[in-house]
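# starting from these lines, generate the structure:
(chains A and B)
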Amino acid sequence: GDSVTQMEGPVTLSEEAFLTINCTYTATGYPSLFWYVQYPGEGLQLLLKATKADDKGSNKGFEATYRKETTSFHLEKGSVQVSDSAVYFCALTPVNTGFQKLVFGTGTRLLVSP
Amino acid sequence: NAGVTQTPKFQVLKTGQSMTLQCAQDMNHNSMYWYRQDPGMGLRLIYYSASEGTTDKGEVPNGYNVSRLNKREFSLRLESAAPSQTSVYFCASSGSTVNTEAFFGQGTRLTVV
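Okay, the predicted model is just below:
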């Protein structure tokens, strides 16, 4: 079945460092790809998405590009802040589901220190 | 703007007890979902309701039942709680197309002792 694999955390960075969180997927066809973020004590929020190959999703300084050839959707940010500390989930929606039935990766915790 | 509201936020049950987790959304979404979140396993789909009047099993449905009471409300019931059901439960809702955003509640932390 469809699946998402994320790098294990935690990822520990100093403020203003460059961030990459790797995500690869296994799916038939062209699924839609998402990054969700979970801040402490809260539910998940959509961070960005891409719906077709070579699309770049971006929001709040975060970016991810849908790479069909490498089945990847890596999350990047040029300069992280303490407020970015959270758990980040890569997810996909299988093709032809007709609605938002998400398949999640295991999540990667990001810790940013001042 | 409330979004997706779950109750309760915390609950402790004894093995064998039953309870219902409540979820309501005010965004007029057709689709609603229940996920559980466990350490190292991400979120896994328990049940979903693609539209009012329909429910279907997800990845991990055993030990749970659901009711789509109306378009707004989607409840999750544990008939006989087991320690393996200790988890954080999230309700979510979305529109009817693949690329629309899913909105999540704040979660219910359930401990079964």
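# residues of chain B that sit close to chain A?
B:4, B:30-31, B:33, B:35, B:40-45, B:48, B:50, B:58, B:90, B:92, B:94-102, B:104-107 (CB under 8 Å from any CB of the partner chain). Yep, even glycine has a C-beta here, placed from its N, CA and C like the rest.
# so the residue positioned nearest the centre of chain B is in which element?
Per CA atoms, centre = their mean, the C-alpha nearest to the average position across chain B is that of B:Trp34, at 2.8 Å. According to DSSP states H and E, B:Trp34 maps onto strand B:31-38.
# residues contacting that strand, please?
A:99-102, A:104, B:21, B:23, B:25, B:43-51, B:58, B:60, B:64, B:66, B:68, B:74, B:76, B:87-96, B:102, B:107 (CB atoms under 8 Å, 6 or more residues apart in numbering or on different chains).
# again, 7 Å this time
A:99-100, B:23, B:25, B:43-51, B:60, B:66, B:68, B:74, B:76, B:87-94, B:96 (CB atoms under 7 Å, 6 or more residues apart in numbering or on different chains).
# do stretch A:8-27 as well
A:2-7, A:31, A:33, A:71-82, A:88, A:90, A:92, A:94, A:105, A:108-114.
# and if you look at stretch B:9-22?
Residues contacting stretch B:9-22 (CB under 7 Å, 6+ apart): B:6-7, B:75-83, B:89, B:106, B:108-113.
# so for it, what's the average pLDDT?
Mean pLDDT, stretch B:9-22: 97.
# likewise stretch A:87-100?
81.
# so where's chain A shaky on pLDDT?
A:96-100 (pLDDT under 70).
# which residues in it form strands?
Along chain A, counting by DSSP state E, strands occupy A:3-6, A:11-14, A:19-21, A:23-26, A:32-38, A:44-50, A:56-59, A:62-65, A:75-77, A:86-93, A:103-104, A:108-113.
# likewise for chain B?
Using DSSP E, strands in chain B cover B:4-7, B:10-13, B:19-25, B:31-38, B:42-49, B:56-57, B:64-68, B:74-78, B:87-94, B:102-104, B:108-112.
# picking that back up, buried ones among the contacts of stretch B:9-22?
Neighbour counting with 16 or more other CB atoms under 10 Å in any protein chain shown marks B:6, B:75-76, B:78, B:81, B:89, B:106, B:108-110, B:112 as buried within the contacts of stretch B:9-22.
# tell me the one of those residues nearest chain A?
B:Gln106 (4.8 Å; CB to the nearest CB).
# who touches the closest one in this structure?
B:Gln106 neighbours (CB under 7 Å, 6+ apart): A:42-43, B:6, B:9.
# distance to A:Val11 added to those residues, as a markdown table?
Shown next, in a markdown table, are the contacts of B:Gln106 (distance: CB to CB, whole Å):
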| residue | distance to A:Val11 |
| --- | --- |
| A:Glu42 | 19 |
| A:Gly43 | 21 |
| B:Gln6 | 29 |
| B:Lys9 | 28 |
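# picking up where we left off before, and the buried ones among the contacts of stretch B:9-22, which two are furthest apart?
Within the buried ones among the contacts of stretch B:9-22, two members stand farthest from each other by CB to CB: B:Ala81 and B:Gln106, at 21.1 Å.
# tell me how far A:Leu111 lies from chain B.
A:Leu111 is 16 Å from chain B, where distance means CB to the nearest CB, to the nearest Å.
# correct me if wrong: that residue contacts A:Val87.
No - contact between A:Leu111 and A:Val87 fails when scored by CB atoms under 7 Å: they sit 10.2 Å apart.
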